[in-house]
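Undergrad: Pasting the sequence and the predicted model now:
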Amino acid sequence: MSDSVISLKDIHFSYGQKEVLNNINLSIKPGAFMGMVGPNGGGKTTLIKIILGLLKPDSGSISILNEPIDSFKNWNRIGFVSQKASSFNKGFPATVYEVVSMGLTAKVGYFKFFSKKDKEKVMEALQLVDMQDYAHHNIGQLSGGQQQRVFIARSLVADPELLILDEPTVGVDYDNVRRFYELLYRLNKEKNLSLLLVTHDTGAMTKYVTDVICLNKTLHFHGKSEEYTSLSEQDLSKIYGHPVQIVVHDH
Ligand code: ADP
């Protein structure tokens, strides 16, 4: 079997009578930074839930880190950050340090004490996302963009091989979105972390990702970032079912 972080073969999925995914074939190679785009209701979240084992497809097969999903147990090797991550209210009683330590409980266990090495891991993860100076701040008092970085740190502390991010930049302003993509780009290059990023951003992300898939019930596009940027606006409009303007921002 070829080496892949995620491999999906002939996946079909319906909610009752409503078909949402039709014949999805997808392979994410180690070290890839894949952007997933597509219209609202195109099935992106459903596909993520299938990859995370939260929904079972009607047919097809799934391998995670070269193992069939049914026997796969090492879920701490797959990190997940959802768009709802940054919704702590101001009074939430946990520090940044505590939130990131929660990422270790899968490994360490709830009732064990953290070792000195674990504490160092938490600080290292905070350094990777440039939030080390906020370790003792209350999570609820940070901006949405800062909270997102803390959630990435919480995933990184368990040393995942793949990080899946579901529209993590919703409600984050343009400068912070760019910083966020740069952070992901750096983690991908420096730590060889494989990434699957679900995003509404059809333009700016192409500067950072290596591969793009475009999902609207089926995979309408699956290729390298450069091939995606060479699609015409007409090609994209067909996929989206409405006119799409590509805005590529320089950084
Ligand atoms: P996306 O993430 O691309 O916006 P979703 O995977 O959330 O797409 O949704 C795909 C389709 O499935 C949509 O038409 C949505 O209304 C429908 N859907 C999503 N979740 C459910 C559910 N739990 N029950 C029934 N239909 C659902």
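TA: Received it, and whenever you're ready, just let me know what you need.
Undergrad: from here on, contacts and neighbour counts on C-alpha atoms
TA: Fine.
Undergrad: name the helices or strands packed onto the helix or strand where Q127 lies?
TA: Secondary structure assignment for Q127, by DSSP states H and E: helix 116-128. For helix 116-128, the packing partners by 3 or more C-alpha pairs under 8 Å, 6 or more residues apart in numbering; DSSP states H and E come out as helix 96-101, helix 144-156.
Undergrad: where exactly do the helices run in the stretch 151-251 of the chain?
TA: Remark: helices assigned in the stretch 151-251 of the chain by DSSP state H, counting those that start in this stretch are 174-190, 225-229, 233-240.
Undergrad: mind listing the strands for this protein?
TA: 6-15, 18-28, 33-37, 59-64, 67-68, 78-81, 162-166, 194-198, 211-216, 218-224 (DSSP state E).
Undergrad: what residues does the stretch 1-150 of the chain put near the ligand?
TA: 15, 20, 40-46 (C-alpha under 6 Å from any ligand atom).
Undergrad: Can you name the residues bridging to N216?
TA: Going by DSSP bridges, N216 is paired in beta bridges with T218.
Undergrad: residues contacting it?
TA: Residues in contact with N216 (C-alpha atoms under 8 Å, 6 or more residues apart in numbering) are 38-39, 41-43, 239-240.
Undergrad: What about those, which are in helices?
TA: Residues of these located in helices (DSSP state H): 239-240.
Undergrad: out of the contacts of N216, which are buried?
TA: Buried by 16 or more other C-alpha atoms under 10 Å: 38-39, 42-43, 239-240, out of the contacts of N216.
Undergrad: Let me have these in CSV, adding pLDDT as columns.
TA: Converted to CSV, those look like this (pLDDT from 0 to 100):
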residue, pLDDT
G38, 89
P39, 88
G42, 93
G43, 95
I239, 76
Y240, 75
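Undergrad: now, which of these sits nearest Y208?
TA: Closest to Y208 out of those is G38 (17.6 Å), distances taken as C-alpha to C-alpha.
Undergrad: isn't the closest one right up against K217?
TA: No - using C-alpha atoms under 8 Å, G38 is not in contact with K217; the gap is 9.2 Å.
Undergrad: What is the burial count for Y174?
TA: Counted by other C-alpha atoms under 10 Å, the residues lying close to Y174 total 11.
Undergrad: try L187
TA: 18.
Undergrad: Same check on G203?
TA: Neighbours of G203 (other C-alpha under 10 Å): 14.
Undergrad: OK, contacts around the residue most central in space within the chain?
TA: The centroid of the chain falls nearest to L165 when counting by C-alpha atoms, centre = their mean (1.9 Å). Going by C-alpha under 8 Å, 6+ apart, L165 touches 80-83, 195-198.
Undergrad: Let's have those in TSV, adding pLDDT.
TA: Below are these laid out as TSV (pLDDT from 0 to 100):
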residue	pLDDT
F80	90
V81	87
S82	80
Q83	69
L195	96
L196	96
L197	94
V198	92
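Undergrad: Which one of the residues you listed sits in the busiest neighbourhood?
TA: L195 (29 neighbours).
Undergrad: From V209, how far out is that residue?
TA: 9 Å (C-alpha to C-alpha, to the nearest Å).
Undergrad: got any residues that touch both of those two?
TA: In contact with both L195 and V209: 32-34, using C-alpha under 8 Å, 6+ apart.
Undergrad: who's the closest residue to G31 other than its chain neighbours bridged to?
TA: In this structure, G31 finds its nearest non-sequential neighbour in S194, 4.6 Å apart by C-alpha to C-alpha, 6 or more residues apart in numbering. Note on S194: beta-bridge partners by DSSP bridges are L162.
Undergrad: does S194 really touch L184, like I thought?
TA: No - counting by C-alpha under 8 Å, S194 does not reach L184; the two are 9.7 Å apart.
Undergrad: quick one: low-confidence ranges for this structure?
TA: Residues of the chain meeting the criterion pLDDT under 70: 1-2, 83-91, 106-113, 168-171, 244-251.
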